[in-house]
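In: heads up, no residue letters with this:
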């Protein structure tokens, strides 16, 4: 539900606290039906404070209630007429409440199979599943309870989808792949395409060179654990022999490429346009920034952060933040820096020569 609008369905602060926790300060029977920013909310809406710079807006907001941390509530001098839900992490609380409001506003979908869908007789589809228009489900596939397959989804032979999976339009899941419970895959994503594996078979040099690339069969699959979310047009390749593995609660943005035989550790997040080459092992709770490139056969420890547009060519064995990209600078300044970098090898040689000369003088 968009911020700034109030649903016809509302819920009391007391009901929110029973469901999500938190301490109510003020009127527990105040009803809210949507979320809005502090400066735009009205009495039927819930606002939240997660950034100190917006603290002055708390005292002037017209929101029905404010999600706030205990420390920030102590800083609010004028509380009269205001209601609060006090929670250690208002931002995470906001996310959970937003989901609840969407559930309130979303009409229930009736289970069933659209007349245009193609379901192989050898597939098992739970009666509670919702199968949309022009969906294809091949032989041996297992579709769990309350799964939702939107228009144009293709499910290959032997695929297993856990309960409450939602695949948005035109998602393709190749044969043999497994998706755990509550996995969300957005439109156009491809799970289980062949990994990029080719053996060189060339002889000779130059114009006399003959031969070709020989495709290596990709006989592994992709194994995705519970509560993973995958963005639009992202691709996750199947393994060459063992599976590509995405552990629980990994969140992957749009337009991400994950190569064959990678393992992505639990609770890791990967931002858009990142590219991860094959056989890379990324630890748990890592954060991979946008447009990061990671070479194959490297390992990232748990709790590694790689900032946007960085290139990773070797293993990062200790937790921490890593950067290899240059920040944006004035074009003329960049040209000067580039000229210096092009001559670094010459500067290195001159320094070595000076050091050698200095050592000779010391030995005299």
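Out: Arrived safely, thanks for sending. Only a predicted model underlies this, so the values are computations on that prediction, with no experimental measurement involved.

In: Please count neighbours and contacts with C-alpha atoms only from this point.
Out: Noted.

In: give me the low-pLDDT residue ranges for this structure?
Out: The model of the chain has pLDDT under 70 over residues 1-8, 364.

In: from the chain's centre, how far out does stretch 325-340 sit?
Out: Offset of stretch 325-340 from its chain centre (C-alpha atoms, centre = their mean, to the nearest Å): 31 Å.

In: residues making contact with that stretch?
Out: Contacting residues not belonging to stretch 325-340 are listed as 308, 309, 310, 311 [C-alpha atoms under 8 Å, 6 or more residues apart in numbering].

In: Need these in CSV (columns: distance to residue 229 and secondary structure).
Out: Output for the contacts of stretch 325-340, formatted as CSV (distance: C-alpha to C-alpha, whole Å; DSSP: H, G, I helix; E, B strand; the rest coil):
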residue, distance to residue 229, secondary structure
308, 20, coil
309, 22, coil
310, 23, coil
311, 24, strand
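
In: Neighbour-wise, which one of the residues you listed leads?
Out: The most crowded member of those, judged by other C-alpha atoms under 10 Å, is residue 308 (22 neighbours).

In: Tell me who's in contact with it.
Out: Taking C-alpha under 8 Å, 6+ apart, one finds 288, 289, 290, 291, 292, 323, 325 in contact with residue 308.

In: re earlier: looking at the contacts of stretch 325-340, which two lie furthest apart in space?
Out: Farthest pair in the contacts of stretch 325-340 (C-alpha to C-alpha) is 308 and 311. Separation: 9.0 Å.

In: Quickly list what's touching both of those two.
Out: In contact with both residue 308 and residue 311: 292, 323, 325, using C-alpha under 8 Å, 6+ apart.

In: tell me which element the last one falls in.
Out: Right, the one you point to is residue 325. Using DSSP states H and E, residue 325 falls within no helix or strand.

In: Next one: it relative to residue 307, how far apart?
Out: Using C-alpha to C-alpha, to the nearest Å, we find residue 325 at a distance of 8 Å from residue 307.

In: just residue 153 next, same as before
Out: 34 Å.

In: Residue 314 too?
Out: Taking C-alpha to C-alpha as the measure, residue 314 and residue 307 are separated by 15 Å.

In: Going along the chain, name the helices of this structure.
Out: 13-20, 55-58, 70-73, 90-105, 331-342, 344-363 (DSSP state H).

In: right, so of these, which gets closest to residue 276?
Out: The nearest among the helices of the chain, by C-alpha to C-alpha, is helix 331-342 at 27.3 Å.

In: wait, what's in contact with residue 162?
Out: By C-alpha under 8 Å, 6+ apart, residue 162 lies in contact with 143, 144, 145, 147, 179, 180, 181, 182, 183.
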